[in-house]
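A.B. asks: From the sequence below, what's the structure:
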Amino acid sequence: MAAIETENLTKDYRIGFWRPQPYRALDGVTLHVEANEVFGFLGPNGAGKTTTLKLLMQLVFPTAGRISILGRPPGDLDLRRRIGYLPESPYFYDSLSAEELLMYFAGLFGLRGPGRQAKVSALLDQVGIGGERRLPLRKYSKGMLQRVGLAQALVNDPEIVFLDEPMSGLDPLGRRAVRALILELRDRGCTVFFSSHILSDAEALCSRVGILVGGQLMAAGRLSDILAFQVTGWELVMSGVTPSMFAVHGEQVRHVTAIADGRFTIELAAHAEPDRIMAAARAQGGQLVSLNPLRTTLEDYFVEQVKARQAGVPARPVMPEG
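C.D. replies: Next comes the predicted model:
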């Protein structure tokens with residue numbers, strides 16, 4: 001049984017004051033998410049990701065289509081005890097402390113006595129809220145509120161967690177902690193469905209992804225199988241080198257750009273062999289700083305799709321043919 005299924009999921013809003021017109025925020029989205037996987041729902045801002053999550057959580061209702069979560073409709077009461085949800089911009093009673101807020105949510109799920117306090121303390125430790133857990137939430141930064149939101153999404157030990165832009169407002173350490181938490185949830189058997197507009201989050205975490213553009217699902221599968229996001233080159237940064245060290249590699253090296261004395265960015269072609277090029281540079285005293293794949297960003301892909309529609313020509317394929 002799939003953890004999450006949607007079939008032809010469609011949502012129209014009526015916009016405008018005089019003679020409101022229908023606006024299609026989501027157009028026939030069909031998804032299949034397996035149990036115990038991390039599924040990334042990717043797309044630029046305004047693509048319809050938050051609308052999809054609100055439909056899954058039954059905060060809004062579909063114009064057409066079907067939703068099944070753990071084999072049940074989204075309004076099923078038993079199902080609601082088994083899922084957790086972090087909205088894009090969580091807002092809580094700001095006069096409460098993080099500890100008081102989680103005690104309240106834990107009580108809603110039936111936790112009582114010493115077990116409730118122990119659960120709340122463990123969750124706050126897990127998301128990195130320390131002594132400030134007793135301060136009013138109005139004194140929290142956006143990133144700290146995001147951490148509290150993650151804790152409330154996990155208070156009932158859910159089987160499925162829905163996270164809407166979970167990295168929003170987090171500093172690099174916070175992003176790393178959330179990534180580790182998502183992988184920990186997967187390892188203990190939880191299904192994680194999260195939305196993001198950042199491709200690197202999906203590369204680091206996801207078993208599979210769905211790409212949403214303009215309310216339509218353009219592709220679903222592993223990122224490595226989606227043609228639009230295959231590697232187009234490599235960015236190599238090394239120190240203690242000179243441009244002449246890379247001239248011998250011919251067409252494998254596209255550009256060499258100086259950053260500072262002895263430190264260069266080397267752009268390699270997709271067919272290049274980064275390992276051999278790095279090994280040759282290291283043999284001459286070079287040191288590796290970083291190596292990153294170059295690929296189309298979600299924003300680039302979105303712009304390409306819009307331009308293709310305006311010009312009336314087919315956009316490039318996003319999945320392998322055949």
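
A.B. asks: Can you give me every residue that contacts the closest residue to Pro90 other than its chain neighbours?
C.D. replies: Take Pro90 and drop its neighbours on the chain: the residue closest to it by Cβ to Cβ, 6 or more residues apart in numbering is Gly149, 3.6 Å away. The way it works is simple: take the backbone N, C-alpha and C, and place the C-beta from them, glycine included. Listed by Cβ atoms under 8 Å, 6 or more residues apart in numbering, the contact partners of Gly149 are Leu86, Pro87, Pro90, Phe92.

A.B. asks: Now rank those by neighbours and give me the top one.
C.D. replies: Neighbour counts for those, by other Cβ atoms under 10 Å, peak at Leu86, which reaches 22 neighbours.

A.B. asks: what bridges to it?
C.D. replies: Listed beta-bridge partners, Leu86: Leu163 (assigned using DSSP bridges).

A.B. asks: Read off the pLDDT value for it.
C.D. replies: You'll see Leu86 listed with a pLDDT of 93.

A.B. asks: how near is it to Ala118?
C.D. replies: For Leu86, the distance to Ala118 equals 22 Å [Cβ to Cβ, to the nearest Å].

A.B. asks: now swap in Met245 and tell me
C.D. replies: 58 Å.

A.B. asks: ok, the two, which is more surrounded?
C.D. replies: Remark: of Met245 and Ala118, Met245 carries more neighbours, 21 against 11, as counted by other Cβ under 10 Å.

A.B. asks: quick one: that one and Ala281 touch, right?
C.D. replies: Yes - using Cβ atoms under 8 Å, Met245 makes contact with Ala281 at a distance of 5.3 Å.

A.B. asks: mind listing what the residue nearest to Leu137 when sequence neighbours are not counted touches?
C.D. replies: Nearest residue to Leu137, sequence neighbours excluded (Cβ to Cβ, 6+ apart): Asp94, at 4.6 Å. Going by Cβ under 8 Å, 6+ apart, Asp94 touches Pro136, Leu137, Arg138.

A.B. asks: Swap in 10 Å and give it another go.
C.D. replies: Asp94 makes contact with Leu101, Pro136, Leu137, Arg138, Lys139, Tyr140, Leu145, according to Cβ atoms under 10 Å, 6 or more residues apart in numbering.

A.B. asks: again with Leu96
C.D. replies: Leu102, Met103, Tyr104, Pro136, Leu137, Arg138, Val148.

A.B. asks: Would you convert those into JSON lines that also reports neighbour count?
C.D. replies: What follows is the contacts of Leu96, written out as JSON lines (neighbours: other Cβ atoms under 10 Å):
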{"residue": "Leu102", "neighbour count": "27"}
{"residue": "Met103", "neighbour count": "17"}
{"residue": "Tyr104", "neighbour count": "15"}
{"residue": "Pro136", "neighbour count": "14"}
{"residue": "Leu137", "neighbour count": "20"}
{"residue": "Arg138", "neighbour count": "11"}
{"residue": "Val148", "neighbour count": "25"}
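
A.B. asks: tell me the centre residue of this structure?
C.D. replies: Central residue of the chain (Cα atoms, centre = their mean): Ser196, 3.5 Å from the mean position.

A.B. asks: How confident was the prediction at that residue?
C.D. replies: What the model reports as pLDDT for Ser196 is 88.

A.B. asks: which stretches of the stretch 101-250 of the chain have low pLDDT?
C.D. replies: Residues of the stretch 101-250 of the chain that meet the criterion pLDDT under 70 lie in 227-228.

A.B. asks: can you give me the strands for it?
C.D. replies: For the stretch 101-250 of the chain, the strands defined by DSSP state E, counting those that start in this stretch cover 160-164, 191-196, 208-213, 216-221, 233-239.

A.B. asks: what are the pairing partners of the fourth one, and which direction each?
C.D. replies: Sheet pairing of strand 216-221 (DSSP bridges) gives strand 208-213 (antiparallel).
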